[in-house]
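Chemist: Sharing a sequence plus its predicted fold:
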Amino acid sequence: MNSFDGLCALITGSASGLGAATAVALAHRGARVIINYRASAGGADETADLCRAANAEVKLVQADVAIDEDCHRLVAAAADWGRLDILVNSATLALARALAPLIRVNAVCPGYMDTPWWTRGIGQGAADNLRELVKSAVPLRVASRPEDIAEVVMFLAGPASRHMTGAIVPADAGVLLLVPVSATDAHR
């Protein structure tokens, strides 16, 4: 496991799902975390409580990352800590070019994740059926959880990935392997 002791991390959309799992994983490894949410204050509070239970220093910031002023407020939240070491966001290659060599930017592309979002959207029965369908279809025969994908984010945020920027990393239990390979590609 990498140590993130004393590092300051901002995780956008961290009130639930992958963002929340990543915030909690960073907190357990010693990072101070800024939890961002747009509308889910209750979820953000729950994520903050989980991070505090790991003895992490936590800040909550309500902000819509599509609004410039809100983005400035998010970054300003790290000012008390004097720095921002890790940004977990959904913005991929333009940032990698613009911020290199000082800041590395990589993207994680998850496949299906078993989260309450599915149950809220399609109901418990359909969500259970979807989970089983995914498990039977993907090569690794698993339904990924946000915590599983957060481990990939932790790798990319840590020192072991110091030679990576602009990478697009699938974490999809092998879904990409299901895409048919053309005859041309098969001979390479």
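Modeler: Done, it's in. Not measured: the values here are computed from a predicted model. Numbering: from 1, shown residues only.
Chemist: tell me the contacts of G111?
Modeler: Going by CB atoms under 8 Å, 6 or more residues apart in numbering, G111 touches 134, 138, 144, 170-173, 175. Using the backbone N, CA and C atoms, a C-beta is placed for each residue, glycine as well.
Chemist: Provide the backbone phi and psi angles at the residue nearest to it when sequence neighbours are not counted.
Modeler: Distance criterion CB to CB, 6 or more residues apart in numbering; nearest residue to G111, sequence neighbours excluded, is D172 at 2.9 Å. Main-chain torsions, D172, degrees, to the nearest 10: phi -130, psi 20.
Chemist: quick one: D172 and D85, what's the gap?
Modeler: D172 sits at a distance of 27 Å from D85 (criterion: CB to CB, to the nearest Å).
Chemist: quick one, which of these two is more surrounded?
Modeler: D172 (21 against 16; other CB atoms under 10 Å).
Chemist: Identify the farthest-apart pair in the contacts of G111.
Modeler: Within those, V134 and P170 form the most distant pair, 14.8 Å apart (CB to CB).
Chemist: From R83, how far out is the closest residue to S161 other than its chain neighbours?
Modeler: For S161, ignoring the flanking residues on the chain, the nearest one in space by CB to CB, 6+ apart is F155 at 5.8 Å. According to CB to CB, F155 and R83 sit 21 Å apart.
Chemist: Next, count neighbours for the residue nearest to S161.
Modeler: By the criterion of other CB under 10 Å, F155 has 17 neighbours.
Chemist: Have a look at V134 and P170 and say which one is more surrounded.
Modeler: Taking neighbours as other CB under 10 Å, V134 and P170 compare with V134 leading, 20 against 15.
Chemist: what's the closest residue to L93 other than its chain neighbours in contact with, if anything?
Modeler: Nearest residue to L93, sequence neighbours excluded (CB to CB, 6+ apart): G166, at 5.5 Å. Applying CB under 8 Å, 6+ apart, one finds that G166 lies in contact with 92-93, 96-97, 100, 105-106.
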